[in-house]
Structures are given as C-alpha cells and as structure tokens.
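sequence first, then the predicted structure, then my questions.
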Amino acid sequence: MQLQLALDLVNIPEAISLIKEVEQHIDVVEIGTPVVINEGLRAVKEVKEAFPDLTVLADLKIMDAAGYEVMKASEAGADIITILGAAEDESIKGAVEEAKKQGRKILVDMIAVKDLEGRAKELDAFGVDYICVHTGYDLQAVGQNSFEDLMTIKKVVKNSKTAIAGGIKLETLPEVIKAQPDLVIVGGGITSQDNKKAAAEKMQQMIQQG
Ligand SMILES: O=C([C@H](O)CO)[C@H](O)[C@H](O)COP(=O)(O)O
C-alpha cells in the first residue's frame, strides 16, 4: 500500500515548499486538477524537476483526446496520468496505448460512474494500471465517502491496482486500510493540518503497518 499526497489548492511555489516538508513520508505526489487548471502542465514539469525521484501524478481527469493529452503530460514529466472512467472506451484504450509508449501509467478516476462493478471489469480488461474510487469535493460536502465503493471494485478487479480518494483523514484511515487498496490518496487530510509533516508521517506509519 502506498500514500499519495494530493495538492489541489496551491500554486507552484507553495506546492514545492509543501512537498519539501513531507517528501520522506509520501510515495506519490499529485498535481491536482485545480493546480493544472491554474498553472498548466508547467506545474508538473517544475515539481518533477525539483523532485526527480518522487513519482508525480498529473490529475488531468482526461475525458477526450486522451492519447494526445497523455503524451503532453508525459513530456512534462508525469509518471502517472488520470483519465475519467466515464470516458469513451476508445479514449481509455488510447490513453493506455500512449502511456505504454511513453513508459507511464494510467489511473482511472471512477468519479460519477454509476455502474462501478461493470465499468471496473471493463477497465481492468483494457489494461489500465490503477482504478480509483473517488468521492469528489462536491459529494464530500453532502457527507459521502467511497469506502463501500472500494470493496465493490476490489471484488471484481483482477489485474489493475486499486486506489481510493476523497476526504480521507487520520480518523478514517483505519477503515480504508482494512480494505487494502494499493494506493491511498490524501489531500486535505494532510494539507489542512498545522503540522503537515507529522500528519503524513503518522499516515505513512499506519499504511506501512497495513
Ligand atoms: O481529485 C481531487 C478533487 O477532485 C479535486 O481535484 C482531490 O485531489 C482528491 O479528492 C483528494 O483530495 P481530498 O479529498 O482533499 O483528500
């Protein structure tokens, strides 16, 4: 199980200084969708240049023109690129093909997918690297989470790794760990803490203890 820090509400200098605080305690750093919207793929490039040994995920949430967008994110230095599970099969296949060509990985974000079980089976067969259940900010605001969704996909996914994102905090981490995803994605659960390093360190310990 690995820990991914999601950076959503920062600019590039803030992202770099935050990563410096916690880099020993995370496996992957996510350049979040709002950061990419505000700063472009430059954010991915500058973070990868500053932390060449850290795995960098570009949360592009691709919906179309997948091969092209995966190529551009790869050129910027992203190791993992996200596409939406709701995208067309052709887009998913295009993303996987381009990622293979570039030596990168694809994480599929299942946000807003209704038939999680059916779509997870299809995505698994397309050869995506990760399938991620995700409760976005707008559903977190009405009290939802993805813990049951993780169990649902874990039952059917055979080859891809599984991941979970959306409002995970120190208090809810034990429930997530029980379901044994391959990747745990945490944003505000670390970035909103006064002591971000301590929060990341504690989460890392809990995850390593499994
Ligand atoms: O993907 C995300 C969201 O859609 C905003 O782009 C977040 O990175 C993801 O939800 C993790 O952040 P937290 O919910 O704050 O843990």
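Looks like it came in fine.

how many residues are close by the closest residue to Gln24 other than its chain neighbours?
Spatial nearest neighbour of Gln24, chain neighbours left out: Glu201 (7.9 Å); criterion: Cβ to Cβ, 6 or more residues apart in numbering. C-beta here means a position set from N, CA and C on the backbone, and glycine is covered the same way. Here the number of neighbours of Glu201 (other Cβ atoms under 10 Å) works out to 16.

over to Gln209?
When neighbours are counted by other Cβ under 10 Å, Gln209 registers 8.

and Ala112, what are its phi and psi?
Backbone geometry at Ala112, expressed as degrees, to the nearest 10, gives phi 70, psi 10.

excluding chain neighbours, what is closest to it?
Ala86 (5.8 Å).

what lines up beside the strand ranked longest in the chain in the sheet?
Once the chain is assigned using DSSP state E, the strand that runs over the most residues is strand 55-62. Neighbouring strands of strand 55-62 in its sheet, by DSSP bridges, are strand 28-31 (parallel), strand 80-84 (parallel).

in a helix, the residue nearest to Ala112, correct?
No - if the criterion is DSSP: H, G, I helix; E, B strand; the rest coil, then Ala86 is coil and not within a helix.

pretty sure it sits against Asp115.
No - contact criterion Cβ atoms under 8 Å: Ala86 and Asp115 do not qualify, at 10.5 Å.

neighbour count winner among the two?
Ala86 (17 against 10).

next one, pLDDT for that one please.
Per-residue confidence for Ala86 comes out at a pLDDT of 98.

again with Gly187
With respect to pLDDT, Gly187 has a value of 98.

with adjacent residues omitted, what lies nearest to it?
Ala6 (3.6 Å).
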